[in-house]
Every structure is written in C-alpha cells, then in structure tokens.
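A.B. asks: need a structure here:
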Amino acid sequence: MKFARPDLHVFVNTGDGDCCSIGAAHWIHAIRYNMNLTVILHDNHVYGLTKKQASPTSPVGFKSNTTPRGSVLLPLNPLTVTLGVENVSFVAQAVDWMPEMVYDIVSKAFHHRGFSFIRIIQRCPEFLRRCSSPGCTIRQDAAAHPPERPAASAEVSRIYKNQREHDPLDIHRAREIASSEDPIPVGILYQNPEVPCYEDLRGAGKPRTVEAVRKGLDAEFDKFTIWPDETSQSRAA
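C.D. replies: Alright, predicted model coming up:
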C-alpha cells in the first residue's frame, strides 16, 4: 500500500501474536525494506482476545489453555529481534500507563523517515494480573531525544526518577538496553535517519491517482479481451 501510494501516512497496529508469530515473516522483511511507515506493537504477552493462549512473548512458566503445565520456551524479545535485522532505522518502547511518553514516542516515530517500530507494553488484568500491579518498575533508560527537547516533562521526571542518557545512534548500547526486563526501558532506543527508505531506492514516483489506476487496469484487461471480428458483429446486428 505504501509503495503504491507513497503520499499516504500508513500506521500498522499489531499484537504480539500477529507480529511475532503468524506475521513474523512480514515483520522481519518490513524492517529490512525500511519503508516509510509506523508500526505499533501492542504486547500484553498473551492471546487475550482468544481467551488465554500462550503467545511468543509469554514468560516462562505461564500456564494457559495451550500450555497447561507452563510455558517452557524463553519469550521472544521484539526489541532485540528488530535491532538485529539489517536496515533497522527506528526502535522505541513505551508502556500503556505512561500516556504522555506514548504520545511523544509515536509523534517522533511518525516524523522519522523510514520503518518506525514501537513496542507498547500493555497490561492484561484478566489473564496476566501481575503485570497490572502498580509496583512495576519503570526506567526511562533510552532518553534519546534531541538536545533542544527534554527527555521527559517535569511531571514524568518527578514520578520516574531513574533516567539515563542514551545516544540513539549507538546500536550496540541499544541492544543492551533492549535486553533489560527489570527495570523496563522506556524511550527511543535507536534512530538512524541515514538508512535509505525502500521507496527512495526503487523510485516510487508520483502517487497513483484514481485515473492512473483505472487506465492501468484497463490496459491489463485489454490483453485478455476477445474482440469480435466484423463477421460476428454483422451477425449480431
């Protein structure tokens, strides 16, 4: 869609099952292509919509309808996976109980030219109650914002005092931060505006208008059209 209509602002909202399981191939290659769109992964570590099945990001020991004895596999980390793919250009993490940070990160992702990947850790009070407790530790580890803008507002800084400066171009440090689970890193982990977009490499060109699309379809249909000869036309008359 983005390649055909580069004028559109495309946002992709996906879950930990959609992105990291059945859509994993699309996810990996979308990073590699670095197309100019924004992907938001809503990760609650469980298939909540289908009533408690283990997802690729479920923790070890998680008992569900599909893992009644507890999950035995280590959870997949969407951040480290994304940071390990060639041509990655923007990776960030937010949590649903810090809406101000969510807004700020999504805004920066939208203005980044390239594939922007945001993981939002979300609570599931029905199937993973422990993750909805107010005691979850937060650290704004990746306070990777331009110098002219503060990493967090005074109110956020007052509540979450454990903050660290981070260079968003340092992918090796970004991978280290992404591996942390306690405390949870929140902010922009990696951003490299120099990575070329696929649209630029392939020359997507001008947006396709309705008239241009119709003309192209008609041209393709004409290749398979059986036109009646003059005899058939006279008989029909």
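A.B. asks: alpha carbons only for contacts and neighbour counts from here, please
C.D. replies: Fine.
A.B. asks: show me what F11 is bridged to.
C.D. replies: T38 (DSSP bridges).
A.B. asks: okay, now the unreliable bits of this structure?
C.D. replies: Applying pLDDT under 70 to the chain flags the ranges 48-49, 51-52, 64-67, 124-153, 155-156, 158, 161, 203-208, 230-237.
A.B. asks: can you give me the strands in it?
C.D. replies: 11-15, 38-43, 46-47, 53-54, 90-95, 116-121, 138-139, 184-185, 187-191 (DSSP state E).
A.B. asks: what's the closest of these to I159?
C.D. replies: When these are compared by Cα to Cα, strand 138-139 sits nearest I159, at 9.7 Å.
A.B. asks: returning to what we had before: possible to save the strands of the chain as CSV with mean neighbour count and distance to R202?
C.D. replies: As requested, these are exported to CSV (neighbours: other Cα atoms under 10 Å; distance: least, Cα to Cα, whole Å):
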stretch, mean neighbour count, distance to R202
strand 11-15, 14, 21
strand 38-43, 23, 19
strand 46-47, 24, 37
strand 53-54, 22, 39
strand 90-95, 26, 21
strand 116-121, 24, 19
strand 138-139, 18, 40
strand 184-185, 22, 35
strand 187-191, 27, 22
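A.B. asks: can you give me the helices for the protein?
C.D. replies: 16-17, 24-33, 78-83, 99-111, 154-159, 171-178, 198-202, 210-222, 230-236 (DSSP state H).
A.B. asks: just want the angle from the fourth one to strand 187-191.
C.D. replies: Right, the one you point to is helix 99-111. Using axes from the mean of the first three to the mean of the last three Cα atoms, to 10 degrees, the direction of helix 99-111 lies 20 degrees away from that of strand 187-191.
A.B. asks: can you spell out which helices and strands pack onto helix 99-111?
C.D. replies: If contacts are counted by 3 or more Cα pairs under 8 Å, 6 or more residues apart in numbering; DSSP states H and E, helix 99-111 sits against strand 90-95, strand 116-121, strand 187-191.
A.B. asks: let's have these in TSV, adding distance to L37.
C.D. replies: Putting those into TSV (distance: least, Cα to Cα, whole Å) gives the following:
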stretch	distance to L37
strand 90-95	11
strand 116-121	6
strand 187-191	14
